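Asks: What would the 3D arrangement of this be:
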Amino acid sequence: MEEPKIIFFCGPHCSGKSSILTQLYEEGIFSAWGNEIGKELFYQRGFDTAKQDEAFELEVSQKELERDAAYVHRRGMIGIESWHPGNLAYAMVRNPNSVPKLVSGMMRSPLISNAYGIRLSVSREIIFNRTKTFKDDPGWAADFYTKIDGCLDVCLTKLNLWERSVCIDADRDFDTVIKEVKEAIGSFF
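Replies: Purely as a prediction, here's the structure:
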């Protein structure tokens, strides 16, 4: 059976991950799309994003690993939002002591050796101007998510994904970014 082709998208809040995945899924480039699990939990539970503890980091990681196990049996190209590198970046900012345990678990993913990444980079100013989720405190969002962005390259390296990732400047207009994303995906296979 052919293994699925995994493309993960990591980047901070307002970098365009959801919008890009939506468009690529609608165009039929992806046969499946995995949402950002931490974001889903945020909307379900309404918690303070910056104050989640180590138990939350482990919960998100475990849910990702369970989904990874299910995706092993899927065919085609699968897009995943944030995935392990993005979740690890949150942990590095919120709960740095949890990072070694998380890395150990994430490295057991059945998809990790077969995944390719799009790392979306976005400036603090863009986060400040684009955020709708944190419209009541865009300064906080810009500061917090700039910290997340600053951890992503280290996370990709820790998970041995740096060599299989392409960084794209997401400060630019959507059409330019999506064009570069498609070119990057084409270069992977």
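Asks: Check which residues of the helix or strand hosting N87 are buried.
Replies: For N87, the element it lies in under DSSP states H and E is helix 83-94. By neighbour count on 16 or more other Cβ atoms under 10 Å, the buried set for helix 83-94 is 83-92, 94. Backbone N, C-alpha and C define where each C-beta goes, glycine included.
Asks: The spatially most central residue of the chain: what's its closest spatial neighbour, skipping adjacent residues?
Replies: Nearest residue to the geometric centre of the chain (Cα atoms, centre = their mean): S82, 1.3 Å. Excluding the flanking residues, the one nearest S82 by Cβ to Cβ, 6 or more residues apart in numbering is E36, at 4.2 Å.
Asks: which regions of this protein sit below the pLDDT cut-off?
Replies: Residue ranges of the chain with pLDDT under 70: 1.
Asks: ok, now with 80
Replies: 1-2 (pLDDT under 80).
Asks: That one: strands as residue ranges?
Replies: Shown for the chain, the strands assigned by DSSP state E span residues 5-10, 32-34, 77-81, 115-121, 165-169.
Asks: right, so those: which one is the most enclosed?
Replies: Of all the strands of the chain, strand 5-10 carries the top mean neighbour count, a mean of 25, counting by mean count of other Cβ atoms under 10 Å.
Asks: Can you name the residues in contact with that strand?
Replies: 17, 20-21, 30, 71, 76-86, 89, 111, 114-120, 152, 155-156, 185, 188-189 (Cβ atoms under 8 Å, 6 or more residues apart in numbering).
Asks: CSV please, covering the buried residues of helix 83-94 and showing distance to D53.
Replies: Converted to CSV, these look like this (distance: Cβ to Cβ, whole Å):
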residue, distance to D53
W83, 21
H84, 19
P85, 21
G86, 18
N87, 14
L88, 16
A89, 16
Y90, 12
A91, 10
M92, 14
R94, 8
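Asks: Please identify which of those residues is nearest to F174.
Replies: Nearest to F174 out of the buried residues of helix 83-94 is G86 (Cβ to Cβ; 19.9 Å).
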